[in-house]
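A.B. asks: show me how the following folds:
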Amino acid sequence: MRCAGWGAFFLITAGWETLVSTPATPVPAARGLRRLERGTAEPEQIADFYARWLGWAVIAEPDGTFTGWVGDRLAARVRPGREGWQVVFTGSPARELRAGALVDTGRALHGPWAPPPRQGEPCWVELVDPADPDEYWTGELGWAARTPGEGFTLLDVAGGDAAGGPAEGGSRPVAGRLRGTGELPPGWLCYFAVPDLAGALTAAGRLGATVVAPARQVPTGLVAAVADPAGAVCALLQDPPAWGGALAGS
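C.D. replies: Residues are numbered from 1 along each chain as shown. As a prediction, the model looks like this:
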């Protein structure tokens, strides 16, 4: 496998930014994530993997799902279902979107106006797709799209607080889209914060996971991608100061 898509990151410079699109119809903007969802045939085993790897506090729920917590913030729900990750954005009404994404009502627990990500928390999301038009996402989620460099789009959201309400602060990046192809599977790629990327990759291998994209420095920060024991891919970002790592101030 190759990782050609991530090469687009190196083309990002502030001077190249070009406005691509803005929502044609006002909608309640998605200002972050409610949570992540991990569908799997083995919920208990996968929840245990992430507890041991990322330090989640896992709770077995009455409905047969497992919730993974970092402090008082829900990081992800592990449930029976098709193998893979789903991103759940905050917004209204609750609905399904393309690429396995969902919208759910309630406050954003992770995003540009949330507290800095702690170890094991979601800290960024990217859509890996060479063809999906940005206009779909700007229209559905109230974002604005811009292209800092060839092959990469930043999706911005206007000012809001951690609860998804209005606040000062202008627009901030809430997600990205990679148009290149390579070793990363298509769909939404979720990033988790880790304090020591090298240590996290070593631990992943010890616990039965596989590194699919080795550590590299990109404008987001120091990143890598890992397939968990059941094959679902997520990314790691070392010590992000805020949502989106170094992209937070772009």
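A.B. asks: tell me where the model's unsure across the chain.
C.D. replies: 1-27, 160-169, 180-181 (pLDDT under 70).
A.B. asks: all helices of it, in order?
C.D. replies: Counting by DSSP state H, residue ranges of the helices within the chain are 43-54, 134-141, 197-206.
A.B. asks: between those, which gets nearest to Arg98?
C.D. replies: helix 134-141 (6.4 Å; CB to CB). The way it works is simple: take the backbone N, C-alpha and C, and place the C-beta from them, glycine included.
A.B. asks: so how far is that closest one from its chain's centroid?
C.D. replies: Relative to its parent chain, helix 134-141 has a centroid offset of 17 Å by CA atoms, centre = their mean, to the nearest Å.
A.B. asks: hey, C-alpha coordinates of it in CSV?
C.D. replies: Extracted C-alpha coordinates of helix 134-141, given in CSV (Å, rounded to 0.1, in the frame of the first residue of the first chain):
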residue,chain,number,x,y,z
ASP,A,134,-17.2,19.7,-1.4
GLU,A,135,-20.6,21.3,-2.2
TYR,A,136,-22.4,18.3,-0.7
TRP,A,137,-20.7,18.8,2.7
THR,A,138,-20.9,22.6,2.7
GLY,A,139,-24.6,22.4,1.9
GLU,A,140,-25.5,19.6,4.4
LEU,A,141,-23.4,20.8,7.3
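A.B. asks: show me what counts as buried in that helix.
C.D. replies: Buried residues in helix 134-141, defined by neighbour count with 16 or more other CB atoms under 10 Å: 134, 137-141.
A.B. asks: follow-up on the earlier one: could you export the helices of the chain as CSV, including distance to Gln86?
C.D. replies: Formatted as CSV, the helices of the chain follow (distance: least, CB to CB, whole Å):
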stretch, distance to Gln86
helix 43-54, 14
helix 134-141, 15
helix 197-206, 21
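A.B. asks: so who does the residue nearest the centre of the chain touch?
C.D. replies: Centroid check for the chain by CA atoms, centre = their mean gives Val125 as the closest residue, at 2.2 Å. Applying CB atoms under 8 Å, 6 or more residues apart in numbering to Val125 gives the contacts 33, 87, 175-176, 188-191.
A.B. asks: measure it to Gly244 for me?
C.D. replies: The spacing between Val125 and Gly244, counted by CB to CB, to the nearest Å, is 9 Å.
A.B. asks: having no further points to raise, I will conclude here.
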